[in-house]
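Trainee: got a predicted structure here, sequence first:
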Amino acid sequence: MAITKQSIEYVAHLSRIDLSPEELEKFSGQLAQIVAFIDKLKQLDVEHVSPTSHILPIQNVLRQDVPGQSLPVAQVLADAPKQQDNLFAVPKIID
């Protein structure tokens, strides 16, 4: 898969990130290297390797999910820049 500057610009636009020409050049090169490495990994024979999410046999330590007291709405919204009808008000970001 070829990584072009246009594809980097497109993803940056979707992410609402402004990239300078230097950053665009740098990131397109880095992403091309990452994709080339992934293509190398695809060539490996992993048929007899069991899927894993971690190389060490560890387990998460989980606590009981016990309901507790919620914070009062007024306290939660006290530091909110904008609020409306006891909810956080955020600007619309969809064009």
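Mentor: Sure thing, it's come through. Numbers count the residues shown, from 1 in each chain.

Trainee: nearest the middle, which residue of the chain would you pick?
Mentor: Ser15 (10.6 Å; Cα atoms, centre = their mean).

Trainee: pLDDT score assigned to it?
Mentor: In the predicted model, Ser15 carries a pLDDT score of 93.

Trainee: distance check, it against Pro91.
Mentor: Applying Cβ to Cβ, to the nearest Å, the value for Ser15 to Pro91 is 17 Å. From N, CA and C alone the C-beta is placed, and that goes for glycine too.

Trainee: point out where the protein drops to low pLDDT.
Mentor: Across the chain, the ranges flagged by pLDDT under 70 are 1.

Trainee: can you give me the strands for it?
Mentor: With DSSP state E as the definition, the chain shows strands at residue ranges 83-84, 87-88.

Trainee: list the buried residues of the lengthiest helix in the chain.
Mentor: Using DSSP state H to define each element, the chain has its longest helix at helix 21-42. Judged by neighbour count (16 or more other Cβ atoms under 10 Å), helix 21-42 contains these buried residues: Phe27, Ser28, Leu31.
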